[in-house]
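Student: attaching a predicted model along with its sequence, questions to come.
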Amino acid sequence: MLNGTIKKLVSDRGFGFISADDGKEYFFHREGVANFDGLMGGEKVTFDVQPSPKGPRANNVKLAGE
């Protein structure tokens, strides 16, 4: 599991980006988030990384401490 912060959230389109503690930025889609509708942006999160056709993608995104 990696740690990071929700950097950008495009709630009407169901995706966003996480700025990870490893210095990389990861795309995520609503299907990979436990409570997407509860996100506002700026939250600390933990997540897994999975390969996708467009590069590494965050999955299993949860608020830090859950």
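Tutor: Ah, there it is.
Student: pLDDT averaged over the longest strand anywhere in the chain - what is it?
Tutor: Secondary structure of the chain per DSSP state E: the longest strand is strand 2-10. The predicted model gives strand 2-10 an average pLDDT of 96.
Student: may I see the buried residues of that strand?
Tutor: 4, 6, 9 (16 or more other CB atoms under 10 Å). C-beta: built from backbone N, CA, C; applies to glycine.
Student: let me see the contact set for the closest residue in space to the first one that isn't next to it in sequence.
Tutor: Sequence neighbours aside, residue 20 is the residue nearest to residue 4 in space, at 3.8 Å (criterion: CB to CB, 6 or more residues apart in numbering). Shown here is residue 20, whose contacts under the criterion CB atoms under 8 Å, 6 or more residues apart in numbering are 2, 3, 4, 26.
Student: report pLDDT for residue 20.
Tutor: Reading off the model, residue 20 has pLDDT 97.
Student: residues of stretch 41-54 that come out buried?
Tutor: By neighbour count on 16+ other CB under 10 Å, the buried set for stretch 41-54 is 43, 45, 46, 47, 49.
Student: which element is the second one on?
Tutor: With elements delineated by DSSP states H and E, residue 45 resides in strand 44-50, which encompasses its position.
Student: show residues contacting that strand.
Tutor: So strand 44-50 is contacted by 1-6, 18, 26, 28, 32, 56-66 (CB under 8 Å, 6+ apart).
Student: just the CA atoms of the next helix-or-strand element following the longest strand of the chain, as CSV, please.
Tutor: Using DSSP H and E, the helix or strand that directly follows strand 2-10 along the chain is strand 15-20. In CSV, the C-alpha atoms belonging to strand 15-20 read as follows (Å, rounded to 0.1, in the frame of the first residue of the first chain):
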residue,chain,number,x,y,z
PHE,A,15,-12.0,10.3,-11.6
GLY,A,16,-9.1,12.1,-10.1
PHE,A,17,-5.3,12.1,-9.3
ILE,A,18,-3.3,11.2,-6.2
SER,A,19,0.0,12.8,-5.4
ALA,A,20,1.8,9.9,-3.8
